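> sharing a model prediction with you, sequence too.
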Amino acid sequence: MGAPPSNVDVRKVAVIGAGTMGSGIAQVCAQTGWETKLYDAFSDSLDRGFSTINEFWMKGISRGKNSEDEVKSWSKNLHRLENLEDALEGVDLVIEAVPEKIDLKRSIFAQIERYAPEDAILATNTSGLRISEIASATKCPERVVGMHFFNPVPLMELLEIIEHDLVSGETLEKAKEIGEAMGKTTIIVGDIPGFATSRLGVVLGNEAIRMLAEGVASASDIDTAMKLGYRHPMGPLELSDLVGLDVRRDILRNLAESFEDPSYLPHPLLDKLVDSGDLGRKTGRGIYVWTNEGKSERDDL
């Protein structure tokens with residue numbers, strides 16, 4: 001489960017945001033051997049993030065995927081911070097993983113620039129926002145790069161690196177080296193909303209929700225169709241619940257606005273679920289009902 005030994009000139013990393021993606025990124029950074037500071041403004045988010053990481057590691061021990069000694073070593077690399085300035089002190093790399101709100105990300109990056117070292121790589125894990133719009137909140141857009149990880153971060157091999165007009169070649173090359181040090185396969189994509197993966201993924205998920213609402217098939221049968229008929233490792237509805245229905249809706253809305261195309265707008269059922277607080281696996285209810293034993297169909301959709 002650990003990444004290959006790293007020859008990249010990275011010793012300290014700050015991950016901003018302890019949600020599903022941030023905690024997964026922090027876990028992989030710690031496993032790579034880097035001192036990793038996981039920051040969140042909310043202590044309960046940090047509690048959940050660290051609990052998720054520890055649960056993942058404990059399952060790895062029980063399944064023989066990693067040893068207790070490895071977990072002890074990784075744990076020593078991981079630190080929780082509730083003060084942003086402290087989190088950014090002396091780091092070589094910053095990876096932002098806050099919710100998909102452009103104003104929030106721009107605000108965070110303005111603070112990151114203020115407190116992080118002048119030679120640190122500044123990365124955003126956005127799933128679909130323009131990197132250039134985030135980078136323009138700083139005076140050093142050449143150091144800002146998109147690094148789009150996939151959920152669950154410790155298991156998914158792909159890392160999208162997003163190139164915008166003002167990013168330097170050096171930053172882009174370092175981002176590739178960092179991804180490879182973390183055990184990821186990297187691809188370079190242009191700064192187009194949705195990039196290569198989110199754009200396809202959210203459209204597929206939105207259409208699957210439309211099919212569910214229209215009674216084409218049950219959620220599990222739609223997912224089974226894509227897994228067995230198209231060899232997808234996970235069905236689009238299950239994946240939507242795993243990523244977070246609120247995240248999926250934000251991406252769809254951003255695409256609809258960016259391309260001025262209403263076909264990207266979230267289906268009303270997706271709006272209904274998010275507005276009612278049913279966000280997927282993280283809340284225990286979404287398209288499916290989630291428990292420690294797994295998922296089950298809902299009979300009220």
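That came through, no problem.
> what's the following helix or strand after the biggest helix by length in the chain?
Taking DSSP state H as the criterion, the chain has its longest helix at helix 43-62. Next along the chain after helix 43-62, taking DSSP states H and E as the criterion, comes helix 68-77.
> and the strands in the protein?
With strands called from DSSP state E, the chain shows them at 12-16, 35-39, 78-81, 93-96, 121-124, 144-148, 158-163, 185-190, 288-291, 294-297.
> okay, the ones you listed, which one's buried deepest?
When you average the neighbours per residue for each of these (mean count of other C-beta atoms under 10 Å), strand 12-16 leads with a mean of 28. For glycine as for every other residue, the C-beta is placed from the backbone atoms N, C-alpha and C.
> what is the orientation angle of that one with strand 35-39?
Relative orientation of strand 12-16 and strand 35-39, computed by axes from the mean of the first three to the mean of the last three C-alpha atoms, to 10 degrees: 20 degrees.
> and strand 12-16 with helix 68-77, angle?
Computed by the same axes, to 10 degrees, the angle between strand 12-16 and helix 68-77 is 80 degrees.
> what's the offset of strand 12-16 from the middle of its chain?
In terms of C-alpha atoms, centre = their mean, to the nearest Å, the centre of strand 12-16 is found 14 Å from the chain centre.
> helices and strands around that strand, which ones?
helix 20-32, strand 35-39, helix 84-88, strand 93-96 (3 or more C-beta pairs under 8 Å, 6 or more residues apart in numbering; DSSP states H and E).
> how is this protein carved up into domains?
12-190, 198-293 (automatic domain parsing).
> looking at these, which is nearest to residue 301?
Judged by C-beta to C-beta, the one of the domains of the chain that comes nearest to residue 301 is domain 198-293, at 6.4 Å.
> distance between the ends of that closest one?
End-to-end distance for domain 198-293: 29 Å, by C-alpha to C-alpha, to the nearest Å.
> repeat for stretch 273-281
Stretch 273-281 end-to-end distance (C-alpha to C-alpha) = 12 Å.
> flag every buried residue along it.
Residues 273-274, 278-281 are the ones in stretch 273-281 that count as buried (16 or more other C-beta atoms under 10 Å).
> low-scoring stretches of the stretch 1-150 of the chain, by residue?
For the stretch 1-150 of the chain, the stretches with pLDDT under 70 are 1-7.
> one more time with 90
In the predicted model of the stretch 1-150 of the chain, residues 1-9, 100, 127-128 satisfy pLDDT under 90.
> and residue 9, how far from residue 178?
10 Å (C-beta to C-beta, to the nearest Å).
> so for these two, which sits in the more crowded spot?
Higher neighbour count among residue 9 and residue 178: residue 178, with 28 against 12, using other C-beta atoms under 10 Å.
> picking up where we left off before, tell me the two of the buried residues of stretch 273-281 that are most distant?
Across those (C-beta to C-beta), the longest gap, 13.9 Å, separates 274 and 281.
> measure the spatially closest residue to residue 226 that is not a sequence neighbour to residue 108 for me?
Nearest non-adjacent residue to residue 226, counting by C-beta to C-beta, 6 or more residues apart in numbering: residue 232, 4.5 Å away. Look at residue 232 and residue 108: by C-beta to C-beta, they are 33 Å apart.
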